[in-house]
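1. Show me the folded form of this:
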Amino acid sequence: MPYILFKTDGTKLTTVGDASLDTTTDLQFVGRNYSGYGQIVNENFVKVLENFASTTAPTRPVIGQLWYDTSLGRINVNYNSKNFKSLSNIHIGEETNPPSLATTQEGDFWWDSTNGQLKAKHGSQYILVGPPNASNTKSAWVPTEEIWLDDELQEQLSRVPFLEANIGTNNIVVISDQEFRPTSGSTLYGSFPKIYKGITLPGAIDGVPGTTNAGSTQDSKFYFWGTAADALQANTSTTATIAMQVSVGLEETSNNNHYISFVSTSSGNHQVLTSSNISYNPSSQVLNATATSARYADLAERYESDAVYEVGTVLIIGGVKEVTTTNIPGHDIIAGIVSQNPAYMMNSEAGNDETHPYIALKGRVPCKVVGKVQKGDKLVTSNVPGHAMSSGRRIVTSPTSIVGIALESREQDDAGIIEVKV
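-> Numbers count the residues shown, from 1 in each chain. Model prediction:
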């Protein structure tokens, strides 16, 4: 009477007839009353024991069947009743005693028990699978943790997880969601004496030898570049400890007072300060301040002239415009002298130096003169247009005739320039 064989999942595999051998699979199934069945059964055990060891794959496999490929020294498993796929070999050994490359196959694994790393054979070498925390790693992001050293208590608290970027044995950057100071035995200590929340670049900080600026990358020359090029600029910042560049915006129309900034000394890193007494309004273009000193020496105002006049030219009120020259000695409607560098400029928007020269109203300026002059002489207009001459020590009847008072003497009879007080 035949009997039926079922697989593990309950499906029918085959029906074995009486006094026969079934060859549905790579094992031979013995039917009832088959003569010499003992050898067949024992050979089946041997095949299972050696996982059908052969240079060629079994021809009638079932799903889950193992086959040891003797040509490659590798175990394989059947996954679809037709094909086999390899199960990679895993070798265990110390760093000084790796599996022989001559006897292992492409893709074989090696567990490096010295460094705690999994490696795989590729070509004529073993490449690292992970974890990337060995000293021979060229570059990697390494998830790790450190003991938290509390700054105030100076006690070791809980362990802090963080992410570090390594190139060779160098730590380049640390990312952490907690602030902590590594202990002296840490691999971070020295390059990272303190870790801050967020991204910390290598560089020394307070209290560590060879350091100058807390929180600065200036000492170690590590910066953010590429899309973070403005990391070197204080474009938008409430506090900029060291701003290599500051972007300045244009403001010419708002009707508000803007306050001028100052620092305490001419060099170094300082807090920026302002004063409510010094401001500028872009709309009115008015600068509000109290002047205590001036670089130049005279007060001047623009007047419209009938020609282009040089510095030091003596002008009177008159002509086809507002001011002109005269050849009348002692003219009594003096406008003043064309200024060189006014300390304070009034009516500055009236024109330019060619159409509206600055006329010195008060102070000291260079003045064109003719003839001899003694220091202290009162100067009046001369018969040479645009030039003054000495009136001597005599009294000038009309104050409006005085061009100025000589601040230096001159012995020549021709034309020249001296400094005068207006």
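2. and the nearest residue to Val420 once chain neighbours are set aside, how many neighbours?
-> Of all residues not flanking Val420 in the chain, Gly404 sits nearest, at 3.7 Å (Cβ to Cβ, 6 or more residues apart in numbering). Every residue, glycine included, has its C-beta placed from N, CA and C. Using other Cβ atoms under 10 Å, Gly404 is surrounded by 25 other residues.
3. for Pro342, same thing?
-> 22.
4. do the same with Gly249
-> Here the number of neighbours of Gly249 (other Cβ under 10 Å) works out to 4.
5. Same question for the one 4 residues further on.
-> When neighbours are counted by other Cβ under 10 Å, Thr253 registers 8.
6. quick revisit: report pLDDT for the residue nearest to Val420.
-> Note for Gly404: predicted pLDDT of 94.
7. Gln340 too?
-> Confidence at Gln340, expressed as pLDDT, is 92.
8. ok, it - contacts?
-> Val311, Gly312, Val365, Pro366 (Cβ atoms under 8 Å, 6 or more residues apart in numbering).
9. Wait, a helix at it?
-> No: per DSSP: H, G, I helix; E, B strand; the rest coil, Gln340 lies outside any helix segment and is coil.
10. let's have the chain start at 55 instead
-> In the new count, where the first residue is 55, that last one comes out as Gln394.
11. What separation do you get for it and Arg418?
-> 10 Å (Cβ to Cβ, to the nearest Å).
12. With Glu465 instead?
-> In this view, Glu465 and Arg418 are 21 Å apart by Cβ to Cβ.
13. Neighbour count: the two, which is higher?
-> Legend: neighbour count by other Cβ under 10 Å for Glu465 and Arg418, higher for Arg418 (17 against 8).
14. got any ranges where the protein has weak pLDDT?
-> Across the chain, the ranges flagged by pLDDT under 70 are 186-191, 201-212, 257-301, 345-348, 447-451.
15. Kindly recompute the last result at 50.
-> Scanning the chain for pLDDT under 50 picks out the ranges 258-271, 273, 283.
16. before we move on, back to that, between which two of the contacts of Gln394 is the distance greatest?
-> Spatial extent of the contacts of Gln394 (Cβ to Cβ) is set by the pair Val365 and Val419 at 8.1 Å.
17. Which residues are in contact with the residue nearest to Val474?
-> Going by Cβ under 8 Å, 6+ apart, Gly458 touches Ile391, Val419, Cys421, Lys432, Leu433, Ala442, Val474, Lys475, Val476.
18. Kindly report the same for Leu126.
-> Contact partners of Leu126, counting by Cβ under 8 Å, 6+ apart, are Gln159.
19. Next one: it from Ile253, what distance?
-> For Leu126, the distance to Ile253 equals 48 Å [Cβ to Cβ].
20. Could you do Asn132 as well?
-> Distance from Asn132 to Ile253, by Cβ to Cβ: 51 Å.
21. neighbour-wise, which of these two wins?
-> When neighbours are counted by other Cβ under 10 Å, Asn132 and Ile253 differ, and Asn132 comes out ahead with 18 against 13.
22. surely that one meets Arg114?
-> No: with contacts counted by Cβ atoms under 8 Å, Asn132 stays clear of Arg114, the gap being 10.3 Å.
23. How about the secondary structure of Ala389?
-> Here Ala389 is recorded as strand under three-state DSSP.
24. dump the residue contacts of Gly184.
-> Counting by Cβ under 8 Å, 6+ apart, Gly184 has contacts Gln171, Leu172.
25. tell me which residues form a beta bridge with it?
-> According to DSSP bridges, the residues that bridge with Gly184 are Leu172.
26. Give me the distance between it and Asp431.
-> In terms of Cβ to Cβ, Gly184 sits 98 Å off from Asp431.
27. quick one, domains of the protein?
-> 144-184, 193-286, 312-342, 352-475 (automatic domain parsing).
28. Would you tell me which of those gets closest to Asp72?
-> Nearest to Asp72, of all those, is domain 144-184, at 46.2 Å by Cβ to Cβ.
29. Deepest-packed of the domains of the chain, please.
-> Burial of those is given as mean neighbour count (mean count of other Cβ atoms under 10 Å); domain 352-475 ranks first at a mean of 18.
30. would you list every one of the strands in the stretch 255-404 of the chain?
-> Residue ranges of the strands in the stretch 255-404 of the chain, as given by DSSP state E, counting those that start in this stretch, are 312-316, 327-335, 340-342, 352-356, 368-371, 377-378, 388-392, 398-400.
31. what would those look like in a markdown table with distance to Gln93?
-> Formatted as a markdown table, those follow (distance: least, Cβ to Cβ, whole Å):
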| stretch | distance to Gln93 |
| --- | --- |
| strand 312-316 | 104 |
| strand 327-335 | 105 |
| strand 340-342 | 116 |
| strand 352-356 | 128 |
| strand 368-371 | 138 |
| strand 377-378 | 138 |
| strand 388-392 | 133 |
| strand 398-400 | 124 |
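32. Gly161: which of the ones you listed is closest?
-> strand 312-316 (66.9 Å).
33. Mind giving me the packing neighbours of that closest one?
-> For strand 312-316, the contact count by 3 or more Cβ pairs under 8 Å, 6 or more residues apart in numbering; DSSP states H and E identifies strand 327-335 as packing neighbours.
34. how many degrees apart are the strand it packs on and strand 312-316 in direction?
-> 140 degrees (axes from the mean of the first three to the mean of the last three Cα atoms, to 10 degrees).
35. and strand 327-335, what does it pack onto?
-> Secondary-structure packing of strand 327-335 (3+ Cβ pairs under 8 Å, 6+ apart): strand 312-316, strand 340-342.
36. Just the strands from the stretch 105-254 of the chain, written as ranges.
-> 120-123, 128-132, 138-141, 144-147, 163-166, 171-176, 179-184, 193-203, 210-221, 224-230, 252-254.
37. These: which one's closest to Tyr57?
-> Set against Tyr57 and scored by Cβ to Cβ, those come closest in strand 128-132, at 24.7 Å.
38. and Asn220, how far is that from Ile226?
-> 7 Å.
39. ditto for Lys173
-> Remark: distance between Lys173 and Ile226 (Cβ to Cβ) = 24 Å.
40. how long is stretch 157-167 from one end to the other?
-> Start-to-end span of stretch 157-167 (Cα to Cα, to the nearest Å) is 20 Å.
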